[in-house]
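Asks: Need a 3D model of the sequence below.
(one chain, ligands or ions: 1)
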Amino acid sequence: MADNELVLRFGTGEKEIEITLLSEQEKFGIIGVIAGKMLPGWVAIRVDELMNDDREFDVGALQKSRQCPYAVICLEPIILKGLRTGDALSLLTVFHELGHFVHGHASLRTDGSSEYDEKRKALIRQGKAQSDELEADAFAVEYLGVNIVIAGLNKLRQYMLKRYQTDAWDQEDVDLMNREIEIREKILIERDEENV
Ligand SMILES: [Zn+2]
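Replies: Numbering: from 1, shown residues only. Below is the predicted model of the structure:
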């Protein structure tokens, strides 16, 4: 094993999830592994240093294919870096994607699928969010607590605003992004209050 490896543990007992980060990338850009009894299988963490503007996700994404026996969570380099220091956006990204994996949601919808995009936008305009996203957020709350998840969503908003400044700026996209994060935050707070 490479040195400087870092092991992070979340949850207890049967629900424990262990994230092992390596000091150096292995083949295929693999930099870590996530394991836990309650996961449907193990998950590799991959980081793509050469990621460019054509990439099909922001911050992180779950990839799963029939050819591959394990799932992969792809992270932006900055998100991986934050995972080592306990950054809220990094933790939210990983546990949100793990939530998609645990619930068996379809993985990596690319921007190319405009049908998916249109559905998402229509929901946001109605003040709603997709059930898959809410389930993934709820999974993250189970492991991280509502405060870290909301701090992560706030950081996501800041991060996305920065990205929009460098990419082609489309005010409608920015508004929708903001609105979607607001909806996710509002639902998390409502659920938290119900549980008190
Ligand atoms: Zn998601």
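
Asks: Write out the residues of the chain neighbouring the ion.
Replies: E133, A136 (C-beta under 5 Å from the ion). For glycine as for every other residue, the C-beta is placed from the backbone atoms N, C-alpha and C.

Asks: all helices for the chain, in order.
Replies: Listed in chain order, the helices found in the chain under DSSP state H are 77-85, 88-102, 114-125, 131-144, 146-166, 171-194.

Asks: Can you flag the weakest of these by average pLDDT?
Replies: Note on these: helix 114-125 shows the lowest mean pLDDT, a mean of 87.

Asks: Please name every helix or strand in contact with it.
Replies: helix 171-194 (3 or more C-beta pairs under 8 Å, 6 or more residues apart in numbering; DSSP states H and E).

Asks: and if we set it to 10 Å?
Replies: helix 131-144, helix 171-194 (3 or more C-beta pairs under 10 Å, 6 or more residues apart in numbering; DSSP states H and E).

Asks: Spatially central residue for this structure, please.
Replies: Centroid-nearest residue in the chain: T93, 2.8 Å away (criterion: C-alpha atoms, centre = their mean).

Asks: How many neighbouring residues does the nearest residue to that residue once chain neighbours are set aside have?
Replies: If the residues on either side of it in the chain are set aside, T93 comes closest to G60, at 4.0 Å by C-beta to C-beta, 6 or more residues apart in numbering. Burial of G60, expressed as a neighbour count using other C-beta atoms under 10 Å, amounts to 22.

Asks: now do E194
Replies: Here the count is done by other C-beta under 10 Å, and E194 has 7 residues near it.

Asks: give me the number of residues near R125?
Replies: For R125, the count of nearby residues is 11 (other C-beta under 10 Å).

Asks: thought it was touching K119?
Replies: No - contact status for R125 versus K119: not in contact, 11.0 Å apart, counting by C-beta atoms under 10 Å.

Asks: Serialize the helices and strands packed on helix 114-125 to a markdown table and add fields for distance to K64.
Replies: Formatted as a markdown table, these follow (distance: least, C-beta to C-beta, whole Å):
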| stretch | distance to K64 |
| --- | --- |
| helix 131-144 | 14 |
| helix 171-194 | 23 |
